[in-house]
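Engineer: Provided below for reference: sequence and predicted model.
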Amino acid sequence: MSLLITGGTVVGPTGRYPADVLVEGETIAALFAPGRAASPEGGVTADRTIDATGKLVIPGGIDVHTHMELPFGGTNASDTFETGTRAAAHGGTTTIIDFALQRTGEVVQDGLAAWRAKADGNCHVDYGFHMILGGVDDDALKAMDQLVADEGVTSFKLFMAYPGVFYSDDGQVLRAMQRARENGAIIMMHAENGIAIDVLVGQALARGETDPIHHGLTRPEALEAEATSRAIALASVARDCPLYIVHLSASRALDAVGRARDDGRNVFAETCPQYLYLTLEDQLGAPGFAGAKWVCSTPLRSKHESHHRDLWRGLRSNDLAIVSTDHCPFCFKDQKELGIGDFSKIPNGIGGVEHRVDLIYQGVADGKLSLERWVETIATTPARMFGLYPRKGVIAPGSDADIVVYDPAGHTRISVETHHMNMDHSAYEGYEISGAVNTVISRGSVLLADGEYHGRKGHGEFLRRGLSSYLV
Ligand code: URP
Ligand code: ZN
Ligand code: ZN
């Protein structure tokens, strides 16, 4: 089966140019000067032609931070691998990297096998795994080597937050970082001082402060900045182990990352759309219990401070390398409601895997980001950071034919009425986007075209990832 995408503007991190893209089977076969492929000299007769005139042709989005079916806060994230990857496909994301989970006392390989069992045969788009280490001990450290060498799992998430759940102390963090430095893995860090946060949470509840906004007020910026700086210091002690700060939300945490990068350190960071658009006051502080929809960690930050402005700047300057979603959806009914009367019992997480490509394109439409940087932060750098490049993240001969045709003249309205995620609300209800996903192709299969969905569960394949392209 061959496919010719004609008339579009191909966009990559280094520029944009008019080109026709030929797909043969699952891969990109060639790029042609406009019109040349189908001319007598080009000699291409494709089985199917997609007219992309006036549209952008970009590599499929790669969301490197999702949590399908994550057990958390006494319940499970509401998207399965099937529903979540179907929603991802609708929004132009053709690869996800989710998190397998090991807790204290559990065997790391068992955790990976359990998550493979949930995902294998169920995904609409390609998928890989990072490994959450919730119990760093001698066995877990050995398992890191095996996952890197044999399983294509080359990144490990640690938590400085959530004591008693996923938390690692500084000694555990350091040992895992030392191991990663040796085996080539990258350490992903949830950087919040969970011990101090738990004190603040207990004090707030004792004062009768039970509403969702207190989730944010008990996780102040200082405790994200402190943990970020501590993680950077520990990574430096571990001979500059590559460190990737996840879901960075706050200006002072970004400052710490920026300083480390100015010093030439192996430190990287992501942010998520919720931290670029939503606020402590307007969403988390919504009247009554409604703010529970936006309880996530790190939390939404105050609109009276400079976070949104600084995070967009960080995306431009590359101190923030990637936009992921940290997609961790919970329904309001029966799930978020577990925390009525006690904000600390609200399951943490926001769903957004379907909207990342659009929401960051809105930054382009608003003049905050270039087209090239949009593609780089949502597709190319994710592939490079997590060992998928050049198979993914670029429109080039030999790469997987994961392609999105994006309509810059289109329009998207985000709503629970139209989204495909398994959630009974939308964190971005009513948001208007000045652009629209038009066509989505995954390994040469057209998943979405002309408003119709053709994907199926089982199309998505497990990705054995290599080491990060950014390793030095
Ligand atoms: O609130 C969040 N972020 N939930 C998902 C788990 C995590 O910490 O990434
Ligand atoms: Zn986290
Ligand atoms: Zn997460």
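Structural biologist: Yep, it's here. Ligands and ions are numbered 1, 2, ... in the order given.
Engineer: Quick test: name the residue nearest the centre of this protein.
Structural biologist: By Cα atoms, centre = their mean, the chain has its centre lying nearest to S324, at 2.4 Å.
Engineer: I'd say it and P273 touch.
Structural biologist: No - if you go by Cβ atoms under 8 Å, S324 and P273 don't touch, sitting 9.1 Å apart. All C-beta spots, glycine's among them, are computed from the backbone N, C-alpha and C.
Engineer: any common contacting residues for these two?
Structural biologist: Jointly contacting S324 and P273 under the rule Cβ atoms under 8 Å, 6 or more residues apart in numbering are R356.
Engineer: As a check, name the ranges of all strands in the stretch 201-350 of the chain.
Structural biologist: For the stretch 201-350 of the chain, strands defined by DSSP state E, counting those that start in this stretch occupy the ranges 243-245, 267-271, 322-323.
Engineer: Tell me which of those strands sits nearest to ligand 1.
Structural biologist: strand 267-271 (10.9 Å; Cβ to the nearest ligand atom).
Engineer: and that closest one, which strands flank it?
Structural biologist: Here strand 267-271 is paired, per DSSP bridges, with strand 243-245 (parallel), strand 322-323 (parallel).
Engineer: Output the ones you listed in JSON lines; the columns should cover mean neighbour count and mean pLDDT.
Structural biologist: Compiled in JSON lines, those are given as follows (neighbours: other Cβ atoms under 10 Å; pLDDT from 0 to 100):
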{"stretch": "strand 243-245", "mean neighbour count": "27", "mean pLDDT": "98"}
{"stretch": "strand 322-323", "mean neighbour count": "28", "mean pLDDT": "99"}
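Engineer: and stretch 371-379, how far apart are its ends?
Structural biologist: 12 Å (Cα to Cα, to the nearest Å).
Engineer: Also stretch 387-404?
Structural biologist: End-to-end span of stretch 387-404 (Cα to Cα): 21 Å.
Engineer: ranges for the helices of the stretch 51-200 of the chain?
Structural biologist: If DSSP state H, counting those that start in this stretch is used as the criterion, the helices of the stretch 51-200 of the chain fall at 81-90, 108-119, 138-146, 170-183, 194-206.
Engineer: Single out the most deeply packed of those helices.
Structural biologist: helix 81-90 (a mean of 27; mean count of other Cβ atoms under 10 Å).
Engineer: And the residue of the stretch 151-300 of the chain closest to ligand 1?
Structural biologist: For the stretch 151-300 of the chain, Cβ to the nearest ligand atom, closest residue to ligand 1: C296, 3.5 Å.
Engineer: looking at it, that residue is touching H327, isn't it?
Structural biologist: No - judged on Cβ under 8 Å, C296 makes no contact with H327 at a distance of 10.4 Å.
Engineer: Please say which of those two ends up with more neighbours.
Structural biologist: The residue with more neighbours, out of C296 and H327, is H327; 30 against 27, by other Cβ atoms under 10 Å.
Engineer: Settle this for me: that one is touching E69, isn't it.
Structural biologist: No - using Cβ under 8 Å, H327 is not in contact with E69, being 11.4 Å away.
Engineer: which residues do those two both contact?
Structural biologist: Going by Cβ under 8 Å, 6+ apart, residues that sit against H327 and also against E69 are D79.
Engineer: confidence score at the residue nearest to the centre of the chain?
Structural biologist: Per-residue pLDDT puts S324 at 99.
Engineer: Skip the chain neighbours and tell me the closest residue to it.
Structural biologist: Distances taken as Cβ to Cβ, 6 or more residues apart in numbering place H65 nearest to S324, at 3.4 Å, with adjacent residues excluded.
Engineer: Next, count neighbours for the one you found.
Structural biologist: H65 has 26 nearby residues by other Cβ under 10 Å.
Engineer: could you list every residue that touches it?
Structural biologist: I97, F99, V246, H247, E270, C272, S324, T325, D326, H327.
Engineer: Could I get the CA-only coordinates of stretch 180-194 as CSV?
Structural biologist: The C-alpha coordinates for stretch 180-194 follow below in CSV (Å, rounded to 0.1, in the frame of the first residue of the first chain):
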residue,chain,number,x,y,z
ALA,A,180,21.7,5.1,35.4
ARG,A,181,25.0,6.8,34.9
GLU,A,182,26.6,3.4,34.3
ASN,A,183,23.9,1.7,32.2
GLY,A,184,23.0,4.8,30.1
ALA,A,185,19.4,5.3,31.3
ILE,A,186,17.8,8.6,32.0
ILE,A,187,16.3,9.4,35.4
MET,A,188,12.9,11.2,35.3
MET,A,189,12.1,13.0,38.5
HIS,A,190,8.9,14.0,40.2
ALA,A,191,10.5,16.9,42.0
GLU,A,192,8.4,18.0,45.0
ASN,A,193,9.5,17.8,48.6
GLY,A,194,6.8,15.3,49.7
